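*Asks:* Quick check, what structure comes out for this input:
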Amino acid sequence: MAMGIARKGKKRRGRAPMAEINVTPLVDVMLVLLIIFMVTAPLMSAGVPVDLPDSNANALAQEPSQINLSIANDGRIYIDQNEVDPAALGDALAAIPKGADGKPPLVILRADRSLDYGRVMGVMGELNHAGFNSISLVTNGSVSAP
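*Replies:* Residues are numbered from 1 along each chain as shown. Here you go, the predicted structure:
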């Protein structure tokens, strides 16, 4: 307030400096970034396109040490986003390091709905043989029971 008042006897030239910060552009940019991150964050966890089956189960919390294992509709197997030969799946699973407490990490299994049940059970058998006993099966959203 006192900056805009001119003293007696002196003529003030120009305008007084503005002491306000315009935060509207900052808020606009932050809201756009928030929307971008909200849309892209769920897409970053799954890299292999799989047509998941529907389920009525509740969602589980994600753990920091987990492995994403995906089985595509043509039978190809992916660990995180790297394709693994089905014959070498046991060796690839044995190469995964254990956690700090000596327990293997949680396995998130995503299998295409068009796959044969025996194919999925074969992969789960390999996981069990490699010592991965904590397996979460991923499905699409919630639906009512048939």
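
*Asks:* switch to C-alpha atoms for all contacts and neighbour counts from now on
*Replies:* Fine.

*Asks:* show me where pLDDT drops low in this protein?
*Replies:* Residues of the chain that meet the criterion pLDDT under 70 lie in 1-12, 42-50, 52, 57, 59-64, 141-146.

*Asks:* Which parts of it are strands?
*Replies:* 66-71, 77-79, 82-84, 106-111, 135-137 (DSSP state E).

*Asks:* and those as JSON lines, adding distance to Val123?
*Replies:* Output for these, formatted as JSON lines (distance: least, CA to CA, whole Å):
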{"stretch": "strand 66-71", "distance to Val123": "9"}
{"stretch": "strand 77-79", "distance to Val123": "9"}
{"stretch": "strand 82-84", "distance to Val123": "12"}
{"stretch": "strand 106-111", "distance to Val123": "9"}
{"stretch": "strand 135-137", "distance to Val123": "11"}
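
*Asks:* where along this protein do the helices fall?
*Replies:* 24-44, 89-94, 117-129 (DSSP state H).

*Asks:* angle of the last one against strand 106-111?
*Replies:* On the basis of axes from the mean of the first three to the mean of the last three CA atoms, to 10 degrees, helix 117-129 is oriented at 170 degrees to strand 106-111.

*Asks:* And helix 117-129, what does it pack against?
*Replies:* Where contact means 3 or more CA pairs under 8 Å, 6 or more residues apart in numbering; DSSP states H and E, helix 117-129 is packed against helix 89-94.
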